[in-house]
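In: 3D model of this:
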Amino acid sequence: MHRHGRGEILGTAYGDHDLVVFLEGAGIEDAEAVLDDRRWVEWRGGPAHDLRHFCASHLYGQGMDLEAIGALLGHTWMSTTVRYVHVPAERIAAPGSRWGRNRPPEPSATMADMDVRSRNHVRVTGRPGTPVVVLAHGFGCDQNMWRLVVPALERAFTVVLFDHVGAGNSDLSAWSPERYSTLEGYVDDVLELCRELALGPVTFVGHSVSAMMGVLAAAREPEAFAGLVLLAPSPCFVDDPDVGYRGGFSAADIDELLESLDANYLGWSGAMAPVIMGNSERPELGEELTSSFCRTDPTMAKLFARVTFLSDNRADLANVTVPTLVAQCSSDAIAPPEVGAFVHAQIPDSRLVTLSATGHCPQLAAPEETAEAIAAFVGAAR
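Out: Coordinates of the predicted model:
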């Protein structure tokens, strides 16, 4: 057992009194009410280590975030904490449930009434009057994922950062399953953002699923874009053997992935994030992605995952008419090199660069190389 902090209490907690003392110390009101919890009744008298799982799950259900629970349990990595939290799927989906850190609030305004800057938590930095670079994050992430490349880019460009609705510090009241059940809802947001900022044609840098948002947006309103940078893109994650397309996953793989996500989003996040990140010799990278996934509301994340992994935008690539850079990683479990080559072949006059970076998030794994590739492309397009 852990030998510091409140872990000492849990290390010797074998009865009702010890559980109540711990929960009261964690700030839970009416801690004695937990003694009637069916799971506690079933556990009572079991191994002390199991109590840590029970307490983690109970605290999460009471609204405590994972970082606080991890601190209470003495964990270094959030990926450890998510294995202690057991969240019944029906509790996540239930209206008004407190399971999950950010339940979707009731809509408070129509999309027409909502300011784009606040809705998408837009931030503009860099040098005024310079070419504009818009950075769009992928699934389970937010604009913080770009923090390591921004310092290099803002020295020469105007840099726009934003969070997709449902992610980061976006306005969660703007989210609805109707609008965001396809990529088109996100594309609408991107185009609204470009109009609102009125900074002229922009270079849109889309990571992972956001690359296809850029493709669709540029095909719809090419005059809004000076160029596209498609970072670790995938127009379709599912293999299509009939035409020789390799997306990286079989249809059965995707079905299993989504079923696992639906059954236990936190557990899925802890297992999948390190795979997506790659770079196993640098576990802190996988831990950061795990933390990012776990900060996302499960209901919103599940729908965005389906949009991400089930969309097929292969036919849309040929509609891109603006200068485009396809930047793929040398090794990527989510978007293998064949995918980048396919995207390059389908977009007329596009350029393809293979970064030495590995994994699916080069902006974290190799920020300098990523920033250099973006800057070189934007600079050449002046």
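
In: setting aside sequence neighbours, what's the nearest residue to residue 143?
Out: Spatially, and ignoring its direct neighbours in sequence, residue 143 is nearest to residue 161 (4.1 Å; Cβ to Cβ, 6 or more residues apart in numbering). Quick note: C-beta positions are derived from backbone N, CA and C, even for glycine.

In: give me the neighbour count for that neighbour.
Out: Residue 161 has 23 neighbouring residues, counting by other Cβ atoms under 10 Å.

In: per-residue pLDDT, it?
Out: At residue 161, the pLDDT value in this model is 98.

In: and it, what are its bridge partners?
Out: Legend: beta-bridge partners of residue 161 under DSSP bridges are residue 123, residue 135.

In: and residue 140, that's in a helix?
Out: No - the assignment for residue 140 (DSSP: H, G, I helix; E, B strand; the rest coil) gives coil, which keeps it out of a helix.

In: show the contacting residues for it.
Out: 167, 269, 273, 289, 292-293, 296, 301, 304 (Cβ atoms under 8 Å, 6 or more residues apart in numbering).

In: any of those buried? List them.
Out: Buried members of these, scored by 16 or more other Cβ atoms under 10 Å, are 167, 269, 273, 289, 292-293, 296, 301, 304.

In: need those in TSV (columns: secondary structure, distance to residue 209 and pLDDT).
Out: As requested, these are exported to TSV (DSSP: H, G, I helix; E, B strand; the rest coil; distance: Cβ to Cβ, whole Å; pLDDT from 0 to 100):
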residue	secondary structure	distance to residue 209	pLDDT
167	coil	11	94
269	helix	16	83
273	helix	15	86
289	helix	14	83
292	helix	14	80
293	helix	14	80
296	coil	14	84
301	helix	12	91
304	helix	8	95
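
In: switch the residues you listed over to JSON lines; also include distance to residue 376.
Out: Output for the buried ones among the contacts of residue 140, formatted as JSON lines (distance: Cβ to Cβ, whole Å):
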{"residue": "167", "distance to residue 376": "28"}
{"residue": "269", "distance to residue 376": "34"}
{"residue": "273", "distance to residue 376": "30"}
{"residue": "289", "distance to residue 376": "26"}
{"residue": "292", "distance to residue 376": "28"}
{"residue": "293", "distance to residue 376": "31"}
{"residue": "296", "distance to residue 376": "32"}
{"residue": "301", "distance to residue 376": "34"}
{"residue": "304", "distance to residue 376": "31"}
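
In: mind listing the helices for the stretch 51-200 of the chain?
Out: Remark: helices assigned in the stretch 51-200 of the chain by DSSP state H, counting those that start in this stretch are 66-73, 78-81, 89-93, 116-119, 150-153, 183-197.

In: tell me, which of those is the model least confident about?
Out: helix 89-93 (a mean of 39).

In: before we move on, back to that, mind checking how far the residue nearest to residue 143 is from residue 376?
Out: 20 Å (Cβ to Cβ, to the nearest Å).

In: before we move on, what about residue 282?
Out: Between residue 282 and residue 376 the distance is 25 Å, computed by Cβ to Cβ.

In: cool, residue 149 as well?
Out: Distance of residue 149 to residue 376, computed by Cβ to Cβ: 13 Å.

In: looking at those two, which one has more neighbours?
Out: residue 149 (27 against 12).

In: so what's that one closest to, chain neighbours aside?
Out: Distances taken as Cβ to Cβ, 6+ apart place residue 371 nearest to residue 149, at 4.2 Å, with adjacent residues excluded.
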